[in-house]
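In: build me a model:
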Amino acid sequence: MGKDWDGLSSGTIAWLTPLIRLCNREKHFPVALCQNCTSNPHGGLISLGVDLITGGFGDLQEFIRQANTLVTLGELRNLMDSLIRELGFQYFALTHHVAMVNTPAGVVRLHNYPDTWVEAIIQRKYFAIDPVHIVAQRSATGFHWSEFQKFMKLTDDQQDMQSEAKRAGIHQGFTIPVNVPGEYTGSVSYAIKDGIKFPHASLPYASFLGPIAFEAARRIVGGQSRFAIEEGVQLTPRQLDCLSLVALGKSDVDIGQILSLSPATVRFHVDAARERLNTSSRHQAVIRALFGSHLTFADLLNRPDFRTSAPEMPGTHPLQVAR
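Out: Below is the predicted model of the structure:
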């Protein structure tokens with residue numbers, strides 16, 4: 001594989017794009033990666049991508065192989081301990097964003113944080129206000145903990161939480177959102193101790209390998225969405241039209257008028273969608289369509305009918321439409 005754009009396939013270039021954007025933002029490049037930057041401004045970055053593909057982290061393919069074959073969380077923890085040492089971090093966390101008490105089955109929670117910090121999270125219920133959890137729902141890419149203010153205004157309690165984390169030994173970190181439709185939001189975090197130089201050059205590796213480790217944790221704990229939809233389920237465009245209008249609180253008569261269909265035909269399409277999604281009611285079908293990415297909230301909000309939806313009746317909810 002060549003180390004310039006002409007030597008890379010379009011698929012590889014697409015794969016490298018987020019790494020390039022990340023490195024451009026960080027502006028921290030190891031000297032070895034920039035040796036060819038005079039003749040090719042992206043030479044160092046392409047070298048980084050080639051290293052990731054052919055041998056980064058000792059052997060990237062070996063890490064992926066091990067992650068895909070591990071059978072216990074203990075084994076995964078050992079692998080993550082090796083990874084963070086390679087990358088220059090001291091702490092890691094693979095976690096779904098749920099309370100740390102009475103945790104539901106199938107939830108990912110694997111970390112090596114100090115016990116004092118874990119106790120503080122539980123006692124002070126920091127999981128309910130953690131900026132990492134909030135920003136992970138507002139960003140599609142990894143973010144520094146120093147960037148929280150770009151996404152939200154920290155409350156006094158959240159600032160106290162940051163201070164207590166530093167007292168527990170967790171100084172600064174980087175988080176990659178990991179969100180699967182129908183499941184709790186999640187993330188992969190890496191952190192350093194106070195006095196340790198932040199390993200900016202390792203972030204492309206961390207960003208690529210973290211989600212692989214999280215997926216391994218999901219497999220090990222057997223986590224699947226309670227709204228998981230069988231592979232291969234598809235809805236027709238007409239079924240999606242009808243479901244999106246059901247979500248907006250429209251009746252069969254309303255939907256028929258909008259789509260130029262009879263109420264009976266509307267019921268036929270909605271019932272067909274409900275059966276394909278294996279649900280017993282219309283509002284469940286809407287929820288499963290959203291969680292399965294058959295519909296998106298943008299689909300609903302951008303419909304011209306959204307602003308003209310009938311007002312909600314007292315004591316009812318737009319999704320609570322009779323079958």
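In: what about the closest residue to residue 155 other than its chain neighbours, neighbour count?
Out: Using Cβ to Cβ, 6 or more residues apart in numbering and skipping the chain neighbours, the partner closest in space to residue 155 is residue 129 (7.1 Å). Using the backbone N, CA and C atoms, a C-beta is placed for each residue, glycine as well. For residue 129, the tally of surrounding residues (other Cβ atoms under 10 Å) stands at 15.
In: who's in contact with residue 129?
Out: If you count contacts by Cβ atoms under 8 Å, 6 or more residues apart in numbering, residue 129 has them with 155, 157-158, 161.
In: what's the distance between residue 285 and residue 182?
Out: Spatial separation of residue 285 from residue 182 under the definition Cβ to Cβ, to the nearest Å is 14 Å.
In: same question but for residue 96, I mixed them up
Out: To residue 182, residue 96 is 12 Å away according to Cβ to Cβ.
In: give me the more crowded residue out of residue 285 and residue 182.
Out: More neighbours sit around residue 285 than around the other of residue 285 and residue 182, counting by other Cβ under 10 Å; the figures are 30 against 16.
In: that one contacts residue 271, correct?
Out: No - with contact taken as Cβ atoms under 8 Å, residue 285 and residue 271 are classed as non-touching, separated by 9.1 Å.
In: which residues of the stretch 201-323 of the chain score low on pLDDT?
Out: When residues are selected by pLDDT under 70, those of the stretch 201-323 of the chain lie in 223-232, 305-323.
In: quick one on the thing from earlier: of the contacts of residue 129, which belong to helices?
Out: Where those overlap with helices, as defined by DSSP state H, the overlap consists of 157-158, 161.
In: this structure - how does it break down into domains?
Out: The record's domain split for the chain, according to automatic domain parsing, is 1-54, 58-221, 237-308.
In: doesn't residue 174 fall inside a helix?
Out: No - according to DSSP: H, G, I helix; E, B strand; the rest coil, the state of residue 174 is strand, so it is not within a helix.
In: give me the beta-bridge partners of it?
Out: residue 144, residue 190 (DSSP bridges).
In: which residues in the stretch 1-150 of the chain form helices?
Out: Taking DSSP state H, counting those that start in this stretch as the criterion, the stretch 1-150 of the chain carries its helices at 10-26, 43-54, 60-69, 73-87, 115-123, 131-136, 148-151.
In: how many neighbours does the closest residue to residue 89 other than its chain neighbours have?
Out: Take residue 89 and drop its neighbours on the chain: the residue closest to it by Cβ to Cβ, 6+ apart is residue 190, 4.3 Å away. Neighbour count of residue 190, defined by other Cβ under 10 Å: 27.
In: check contacts around residue 190.
Out: Neighbour list for residue 190: 84, 87, 89, 91-92, 173-175, 206, 210 [criterion: Cβ under 8 Å, 6+ apart].
In: also residue 127?
Out: Under the criterion of Cβ under 8 Å, 6+ apart, the contact list for residue 127 reads 97-100, 121, 133.
In: which ChimeraX command selects the buried ones in those?
Out: Applying 16 or more other Cβ atoms under 10 Å to the contacts of residue 127 leaves a buried subset, and the ChimeraX line that selects it is:
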select :97,98,121,133
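In: with pLDDT added, can I get the contacts of residue 127 in TSV?
Out: Supplementary listing: those in TSV, determined by pLDDT from 0 to 100:
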residue	pLDDT
97	92
98	87
99	80
100	72
121	93
133	94
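In: in the longest helix anywhere in the chain, what counts as buried?
Out: If you go by DSSP H, the chain has its longest helix at helix 203-221. By 16+ other Cβ under 10 Å, the buried positions in helix 203-221 come out as 203-211, 213-221.
In: stretch 255-271 too?
Out: Using 16+ other Cβ under 10 Å as the test for burial, stretch 255-271 gives 255-256, 258-259, 261, 265-267, 269-270.
In: ok, stretch 172-183 next?
Out: So for stretch 172-183, counting by 16+ other Cβ under 10 Å, buried means 172-178, 180, 182-183.
In: which two from those residues end up farthest apart in space?
Out: Spatially, the most separated pair among the buried residues of stretch 172-183 is 172 and 182, at 32.4 Å (Cβ to Cβ).
In: related to what we said a few turns ago, pLDDT wise, what is the residue nearest to residue 89 at?
Out: What the model reports as pLDDT for residue 190 is 98.
In: find the nearest non-adjacent residue to the residue of the chain most remote from its centre, please.
Out: Distance from the C-alpha centroid of the chain peaks at residue 262, with 40.8 Å (Cα atoms, centre = their mean). Ranked by Cβ to Cβ, 6+ apart and with sequence neighbours excluded, the top spatial neighbour of residue 262 is residue 256, at 5.6 Å.
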